[in-house]
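Peer 1: Using only what follows, build the 3D model:
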Amino acid sequence: EQRAREAEVEAAIERIRSQALAMETSEDLPSVAATLYRETTTLYKSGTEVGISVIGIVNEEQDLVTQQTVLPEAGSTRWSDDDYICDDVHVQIEPFKLSKLRSIDAYWKKAYRASDGDAVFLSHSYKVDQTYQIVQKMVKLGLWTQKQSEEVEAHFNTVLDRADTVEMGHVQFKHGYLWTLTDVPYTDSQIEELKRIGDVFAFAYDRFLELDAKQKANRELAVEAALERVRGQALAMESEQDLTGVANALFDELSELEQDLRRLTVEVFEKERPSNRGWMAIKDAEGNRHSLLVPSHGFQAEEQLRFDTWVKGKESLLHQIRDKKHVAELRPVLRALLTKMDPDLAKRFKFPRGAAQDEQHYSLFNAYGSIHLVSLDELTDESISTAQRFADLFAFAYDRFLELDAKQKANRELAVEAGLERVRGLALAMEGFDDLKDVSLAIFAELNGLSFDLLRASVTGGGGNWITRQDGKDQPARGDFFGNDI
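Peer 2: Now for the predicted structure:
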């Protein structure tokens, strides 16, 4: 019998180990929590319940613990959009402040911690009324809503209705704890088995952290490389028209970083008059990306929301367009813009599948405006953070563009003044009507030197016109006088 039990425990531990070792991201934790719950409730089916129903990952620096709490699917309600349904169980993601949890009572103060090394088991007996008092303390501390407390009490009732006391147990491991509940004292063999499970999970979680660190490092390298490519595109700007290329680069790089974008707009706001101009990259139904210049214009409702948020100095904005009138107008407005800016594209352009009201809108702000992203999928916090880095990069590049633009304007003004001075000198030196020919030639040369690319210019006076013309770029300019009768 002992050998059979050991084989059963070892098989369960191996299944837990396999599930834990398969973790690739923190989003895989709910499935591990579900496996822990199933395997341990099966191991201890002879008792009322000893199954591990919580994985708590402790972060002392942030005063935070993130719990994966498992409840049977039957009868349980979804507490938030972050919850997971794993076959027959419901896994709820619960972030708590550690300091608040530890203020519940003396046992909680020492139980809600990670171990310094090998797994450690702690337990405490509570009377039925004490258990319900703990639940209400969670509500008073703002850790649970009243609705959540009712859900927990309903779960506890499956244990408490059959006993006067409840045994609460914590298996502390290197990174947090595993939580169990039963109505009978834990046996020595159960405690040793639970500690073995804690050690196995700690080993697997260590491996997950190593992989996670490598993945984050690799992603950071990919993000830095993408930022560098966009930076190069942005720093090469010579005019605002070049921002179309920057918008394309932003769209391509963010899409490559696994963000499924429908469109991206680089916006520059003008505080003096409520308007903006932008450069858009938009994807069609076939997945092809197209570029579009958005001229300065007054705001639609969505743009007004972004502008108001920008003026308030906020860093980002996430929203879905819910107003039915606005939803109905959104794609016709985009279609009208396409028709105005690129009629040929407008004729063949088809919007991607998916309703406009299901699109997620993200705006990442900087000193000059925003990078506005539209996706059918909800972006992760990591993706939004990455997009913010691109928005900040654009602000840096636009700063440099404005500096270069100011220098170019100043240099041009100097060139204009120098040209005026040379023409002024010739004009002041005139002694007769025929000298207008030299002035006409000088004006023609100076304007062409300022990139006017003239073919003909005339100076009128003295009863006629001195006309300067150039028959070809390689031909010298010549001046001729024509009377007023021509």
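
Peer 1: rest of the way, CA atoms for contacts and neighbours
Peer 2: Noted.

Peer 1: List of residues touching stretch 99-108?
Peer 2: 63, 109-110, 112, 124, 134, 137-138, 141, 143 (C-alpha atoms under 8 Å, 6 or more residues apart in numbering).

Peer 1: Could you do stretch 442-460 as well?
Peer 2: By C-alpha under 8 Å, 6+ apart, the residues outside stretch 442-460 that reach it are 415-416, 419, 422-423, 436, 440, 465-471.

Peer 1: what does stretch 195-209 give?
Peer 2: Residues outside stretch 195-209 that contact it (C-alpha under 8 Å, 6+ apart): 13, 16-17, 20-21, 23-25, 118-121, 171-175, 177-178.

Peer 1: Just the ones of the residues you listed in helices?
Peer 2: Taking DSSP state H, the ones among these that sit in helices are 13, 16-17, 20-21.

Peer 1: Could you dump those residues into CSV and include distance to residue 41 and neighbour count?
Peer 2: Formatted as CSV, the entries for the ones in helices among the contacts of stretch 195-209 read as follows, by distance: C-alpha to C-alpha, whole Å; neighbours: other C-alpha atoms under 10 Å:
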residue, distance to residue 41, neighbour count
13, 13, 22
16, 13, 25
17, 16, 22
20, 17, 25
21, 21, 18
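
Peer 1: Show the pLDDT at the residue sitting furthest away from the middle of the chain.
Peer 2: Outermost residue of the chain with respect to the C-alpha centroid, by C-alpha atoms, centre = their mean, is residue 432; its distance is 72.3 Å. Here the pLDDT value assigned to residue 432 is 80.

Peer 1: just residue 117 next, same as before
Peer 2: The per-residue confidence score, pLDDT, reads 91 for residue 117.

Peer 1: Which parts of the stretch 51-200 of the chain are helices?
Peer 2: Under the criterion DSSP state H, counting those that start in this stretch, helices of the stretch 51-200 of the chain are mapped to 98-101, 106-111, 128-140, 146-160, 188-235.

Peer 1: picking up where we left off before, can you tell me how far the residue farthest from the centre of the chain is from residue 426?
Peer 2: When distance is defined by C-alpha to C-alpha, to the nearest Å, residue 432 is 12 Å away from residue 426.

Peer 1: Contacts only, for the residue nearest to residue 176 when sequence neighbours are not counted.
Peer 2: By the measure of C-alpha to C-alpha, 6 or more residues apart in numbering, the closest residue to residue 176 outside its immediate chain neighbours is residue 114, 4.1 Å from it. Listed by C-alpha under 8 Å, 6+ apart, the contact partners of residue 114 are 58, 172-177.

Peer 1: rerun that using 6 Å as the cut-off
Peer 2: With contacts defined as C-alpha atoms under 6 Å, 6 or more residues apart in numbering, residue 114 is in contact with 172-176.

Peer 1: Look up phi and psi at it.
Peer 2: phi -90, psi 160 (degrees, to the nearest 10).

Peer 1: returning to what we had before: cross the contacts of residue 114 against strands and list the overlap.
Peer 2: Of the positions in the contacts of residue 114, 172-173, 176 sit in strands, assigned by DSSP state E.

Peer 1: Return the member of these nearest to residue 241.
Peer 2: When the ones in strands among the contacts of residue 114 are compared for distance to residue 241 (C-alpha to C-alpha), residue 176 wins out at 54.1 Å.

Peer 1: Please name the nearest non-neighbouring residue to residue 285.
Peer 2: Of all residues not flanking residue 285 in the chain, residue 352 sits nearest, at 3.9 Å (C-alpha to C-alpha, 6+ apart).
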